[in-house]
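S.K.: Give me coordinates for this.
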Amino acid sequence: MTYKRVLLKLSGEALMGEKPYGIDPAIVQSIAEDVLKVVEKNVQLAIVVGGGNIFRGLKGSADGMDRATADYVGMLATVMNAISLQDGLERVGVATRVQTAIEMQEIAEPYIRRRAMRHLEKGRVVVFGGGCGNPFFTTDTTAALRAAEINAEVVMKATKVDGVYNCDPNKFQDAKKYSTLSYQQVLSDEIAVMDSTAIALCKDNNIPIMVFDIFKKGNISKAVAGEPIGSLIS
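M.R.: Numbers count the residues shown, from 1 in each chain. Reported below is the predicted structural model:
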């Protein structure tokens, strides 16, 4: 494996699959099986999960709601996804711990950096829920933050598309895919792959970002092995 400690960012929409709302059990099962292959190769894996399949703070769900309140509701949605993902992982035999930025002691551990790293060292997958615990920050920024905190070697952003494009490939047939690009290029060209705060945080800490298609089975283990299956920002 090219990478030994990885931060995997899963969007809420990835868990939704083709459903209009909620969680697709088949997608969770597929992700869990891919994660199992990675863990079996002694790769330390942490996961940050979004909540857009249940509640979106900036679009639709929060129309007219106070931004900070909407973001807190979104954080709770990420915890629901984290617990669901934990269940799927444990059903295939992957030891998993959920840690939340907002304390919910009956259902998950509070986020403690050293405890999270100890879980990783023992071969457990750690799923981070609740975002970073503060409004006005996305789960992409949380992924970059947690990656820096746990000394991850790479952030892997698993999405619905197979990499980074100069425009939406679902809307434009002439969309150009990038195999590699720099942090500065993403920021200056305002390429919508992650928010600018997340990109800048990875840039400052020299953490590469790999973007790939989550729906193609086996892609997580291929990405960890360093195969060129998507786009690499570095």
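
S.K.: Just the helices from the chain, written as ranges.
M.R.: 12-16, 25-39, 67-91, 113-121, 139-149, 183-188, 196-204, 219-224 (DSSP state H).

S.K.: among the ones you listed, which is nearest residue 174?
M.R.: helix 183-188 (19.2 Å; C-beta to C-beta). In this view, the C-beta of every residue, glycine as well, is placed from N, C-alpha and C.

S.K.: List the buried residues in the closest one.
M.R.: 183, 186 (16 or more other C-beta atoms under 10 Å).

S.K.: Residue 155 touches residue 212, doesn't it?
M.R.: No. Counting by C-beta atoms under 8 Å, residue 155 stays clear of residue 212, with 11.7 Å between them.

S.K.: higher neighbour count, these two?
M.R.: Neighbour totals were compared for residue 155 and residue 212, and residue 155 leads with 27 against 23 (other C-beta atoms under 10 Å).

S.K.: and that one, what does it touch?
M.R.: 7, 9, 143-144, 147, 202, 207-210 (C-beta atoms under 8 Å, 6 or more residues apart in numbering).

S.K.: Apply the buried test to those residues and list what passes.
M.R.: 7, 9, 143-144, 147, 202, 207, 209-210.

S.K.: and the closest residue to residue 152 other than its chain neighbours, how far is that from residue 122?
M.R.: Take residue 152 and drop its neighbours on the chain: the residue closest to it by C-beta to C-beta, 6 or more residues apart in numbering is residue 7, 4.1 Å away. Residue 7 sits 17 Å away from residue 122, taking C-beta to C-beta, to the nearest Å as the criterion.

S.K.: now residue 96
M.R.: According to C-beta to C-beta, residue 96 stands 12 Å off from residue 122.

S.K.: Residue 84 too?
M.R.: For residue 84, the distance to residue 122 equals 23 Å [C-beta to C-beta].

S.K.: Settle it for me: which of those two has more neighbours?
M.R.: residue 84 (17 against 10).

S.K.: so what's residue 106 up against?
M.R.: No contacts exist for residue 106 under C-beta under 8 Å, 6+ apart.

S.K.: And it, what's its pLDDT?
M.R.: The score at residue 106 is 94. That number is its pLDDT.

S.K.: and what of residue 133?
M.R.: If you check residue 133, the pLDDT there is 95.

S.K.: what sits against it?
M.R.: Shown in contact with residue 133 (C-beta under 8 Å, 6+ apart): 75, 101-102, 111.

S.K.: Which among those residues count as buried?
M.R.: In the contacts of residue 133, burial by neighbour count holds for 75, 101-102, 111, counting by 16+ other C-beta under 10 Å.

S.K.: so where is the chain shaky, pLDDT-wise?
M.R.: Counting by pLDDT under 70, the ranges of the chain that qualify are 57-62.

S.K.: sorry, back to before: from the contacts of residue 133, which is closest to residue 189?
M.R.: residue 75 (30.1 Å).

S.K.: is it true that the closest one touches residue 128?
M.R.: No. Between residue 75 and residue 128 there is no contact under C-beta under 8 Å: 11.1 Å.

S.K.: Mutual contacts of the two, please.
M.R.: Taking C-beta under 8 Å, 6+ apart as the criterion, residue 75 and residue 128 both touch residue 101.

S.K.: Right, I'll call it a day here.
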